[in-house]
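Asks: Provided below are the primary sequence and the corresponding predicted coordinates.
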Amino acid sequence: MHWTYLFFAGLFEIGWAIGLKYTDGFTRPLPTVLTVASMVVSLGLLGLALKSLPVGTAYAVWTGIGTIGTAILGIALFAEPATFARLACIGLIAAGIIGLKTVA
């Protein structure tokens, strides 16, 4: 169950990272509220996951999920470059997450 909490914490991290772009410097009320709510949920779920998972593993997986999702959505939503090198690096992060999951 704690890995499930961690997975959803990572998804909400993606939500608040992308949400920051839409807040326009926290000047737009609805995106700001949604972004802050996503931050709270993400940290809350991370806290629940940390009840049984090692902190180093959980934090690395949480930030990895957030990094991968944010990078992919940056490509899809904001026309950020999707170069081979960038996609390969995203793949390396995914490999690291899988590795941490298998050894933890």
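Replies: That came through fine.
Asks: check contacts around the most centrally placed residue in the chain.
Replies: For the chain, the residue nearest the mean C-alpha position is residue 66 (1.6 Å; C-alpha atoms, centre = their mean). Shown in contact with residue 66 (C-beta atoms under 8 Å, 6 or more residues apart in numbering): 10, 13-14, 17. For the C-beta atoms, the positions are set from N, CA and C on the backbone; glycine is no exception.
Asks: export these to a markdown table and tack on distance to residue 28?
Replies: A markdown table is the format used below for the contacts of residue 66 (distance: C-beta to C-beta, whole Å):
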| residue | distance to residue 28 |
| --- | --- |
| 10 | 25 |
| 13 | 20 |
| 14 | 19 |
| 17 | 16 |
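Asks: my read: residue 77 touches residue 19, true?
Replies: No - the pair residue 77 and residue 19 does not pass the contact test of C-beta atoms under 8 Å, sitting 11.4 Å apart.
Asks: specify which residue of those two has the higher count of neighbours.
Replies: residue 19 (19 against 11; other C-beta atoms under 10 Å).
Asks: surely that one touches residue 33?
Replies: No - the criterion here is C-beta under 8 Å, and residue 19 misses it with residue 33 at 9.5 Å.
Asks: against residue 74, how distant is the residue nearest to the centre of the chain?
Replies: 12 Å (C-beta to C-beta, to the nearest Å).
Asks: re the thing from before, can you select the buried ones from the contacts of residue 66 in ChimeraX?
Replies: In ChimeraX, a selection of the buried entries from these looks like this (16 or more other C-beta atoms under 10 Å):
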select :10,13,14,17
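Asks: of the contacts of residue 66, closest to residue 23?
Replies: Using C-beta to C-beta, residue 17 comes nearest to residue 23 of these, at 11.3 Å.
Asks: check which helix or strand covers the closest one.
Replies: helix 2-23 (DSSP states H and E).
Asks: chain neighbours aside, what residue packs nearest to residue 45?
Replies: Closest residue in space to residue 45, ignoring its immediate chain neighbours: residue 9 at 3.6 Å, by C-beta to C-beta, 6 or more residues apart in numbering.
Asks: so what's the nearest residue to residue 20 once chain neighbours are set aside up against?
Replies: Excluding the flanking residues, the one nearest residue 20 by C-beta to C-beta, 6+ apart is residue 35, at 5.9 Å. Residues near residue 35 by C-beta under 8 Å, 6+ apart: 15-16, 19-20, 22-23.
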